[in-house]
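Visitor: Sequence first, predicted coordinates after that:
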Amino acid sequence: MSGALVEGFSVTHRRYVPHSHAHYGGNLVDGAYGLGMFGDVATEMLIHTDSDEGLFAGYSSVEFAAPIQAGDVVEATATLVRIGKRSREIEFEARVVCRSAPERGPSAAGVLAEPIVVTRARGTVVAPKAAE
């Protein structure tokens with residue numbers, strides 16, 4: 001069993017959202033973008049905790065708190081909150097940490113003083129061959 005299998009263990013990824021991912025007017029990206037990031041951080045978490053990519057069983061809650069826009073840098077964090085025999089319950093949060101500023105120029109952007117929480121969720125993953 002990995003030493004990372006403790007409640008409170010967390011994994012964080014950051015990703016730039018390219019303009020090619022804009023799906024709606026105003027350079028908005030679909031809400032599933034954050035959920036895709038949650039799948040990636042859950043996979044890394046299971047590699048650390050169980051030496052397996054694991055399987056995502058489902059979400060018990062999802063909240064879309066604010067929009068994600070093309071040109072954002074989004075940070076997604078997964079935090080282990082419950083450990084079952086094979087299941088792992090995880091809390092997820094995605095935050096925009098940088099945002100484009102087209103009013104200052106076509107490539108202008110800035111680091112936000114306070115990150116914007118865009119998506120929160122809680123889900124369960126399963127380690128098929130949980131480490132012993």
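Guide: Yep, it's here.
Visitor: And the helices in this structure?
Guide: 32-50 (DSSP state H).
Visitor: Spell out the residue ranges of the strands in it.
Guide: Using DSSP state E, the strands found in the chain span residues 10-16, 28-29, 55-64, 68-69, 73-83, 87-100, 109-126.
Visitor: and the fourth one, what does it pack onto?
Guide: The reference is to strand 68-69. strand 28-29, strand 87-100 (3 or more Cβ pairs under 8 Å, 6 or more residues apart in numbering; DSSP states H and E). The C-beta positions use only the backbone N, C-alpha and C, and glycine is treated the same way.
Visitor: Point out the most buried one among these.
Guide: strand 87-100 (a mean of 21; mean count of other Cβ atoms under 10 Å).
Visitor: starting at the chain centroid, how far to it?
Guide: On the basis of Cα atoms, centre = their mean, to the nearest Å, strand 87-100 sits 4 Å off its chain's mean C-alpha point.
Visitor: Please render the strands of the chain as CSV that adds mean pLDDT and distance to D40 to the earlier fields.
Guide: Shown next, in CSV, are these (pLDDT from 0 to 100; distance: least, Cβ to Cβ, whole Å):
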stretch, mean pLDDT, distance to D40
strand 10-16, 97, 6
strand 28-29, 94, 16
strand 55-64, 96, 11
strand 68-69, 96, 15
strand 73-83, 97, 7
strand 87-100, 97, 11
strand 109-126, 97, 12
